[in-house]
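**Q** give me coordinates for this.
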Amino acid sequence: MTAALLLGLGCSKVTSDNYDKIETGMTVTQVEQILGKGAEETGGAVAIGNLSGSAKTVTWVSGEKTITVTFANDKVVMKAKKGF
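**A** Numbers count the residues shown, from 1 in each chain. The predicted model follows:
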């Protein structure tokens, strides 16, 4: 984990209920309205099915709980949770 993740980006918004609110196709702004600002981990190109373009992965951490969302062209294409 990066130091930025460990130093205060964690928040109480990292919950199963909020994870369930995140849907494929949501924008970065919509997800940030649910979880707040996350820590961008990676960027690059992606090709998923018929979708291709720029991609980034953003992570939100609170204690042992982590929500990771992958965006392609600023829309959710994948999400994962750990530690719940």
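**Q** off-centre distance for the top helix by length along the chain?
**A** What stands out as the longest helix in the chain, according to DSSP state H, is helix 28-35. For helix 28-35, the distance from its own C-alpha centre to the chain's C-alpha centre is 9 Å (CA atoms, centre = their mean, to the nearest Å).
**Q** now it: buried residues?
**A** Going by neighbour count (16 or more other CB atoms under 10 Å), the buried part of helix 28-35 is 28, 31-32, 34-35. All C-beta atoms are positioned from the backbone trio N, CA, C, and that covers glycine.
**Q** state the mean pLDDT of that helix.
**A** On average, the pLDDT along helix 28-35 is 97.
**Q** tell me which other helices or strands it touches.
**A** helix 16-21, strand 51-62, strand 65-72 (3 or more CB pairs under 8 Å, 6 or more residues apart in numbering; DSSP states H and E).
**Q** and the most centrally placed residue in the chain, bridged to which residues?
**A** The centre of the chain sits closest to Val69, judged by CA atoms, centre = their mean, with a distance of 2.8 Å. Beta-bridge partners for Val69, by DSSP bridges, are Val58, Lys79.
**Q** so it sits against Lys81, correct?
**A** No. Between Val69 and Lys81 there is no contact under CB atoms under 8 Å: 9.8 Å.
**Q** low-confidence ranges, the protein, go.
**A** 1-11, 42-53 (pLDDT under 70).
**Q** let's see that with 50 instead.
**A** 1-8, 10-11 (pLDDT under 50).
**Q** can I get the helices and strands packed on helix 28-35 in TSV including distance to Glu40?
**A** Listed next are the helices and strands packed on helix 28-35 as TSV, based on distance: least, CB to CB, whole Å:
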stretch	distance to Glu40
helix 16-21	18
strand 51-62	5
strand 65-72	9
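**Q** I appreciate the help and will end here.
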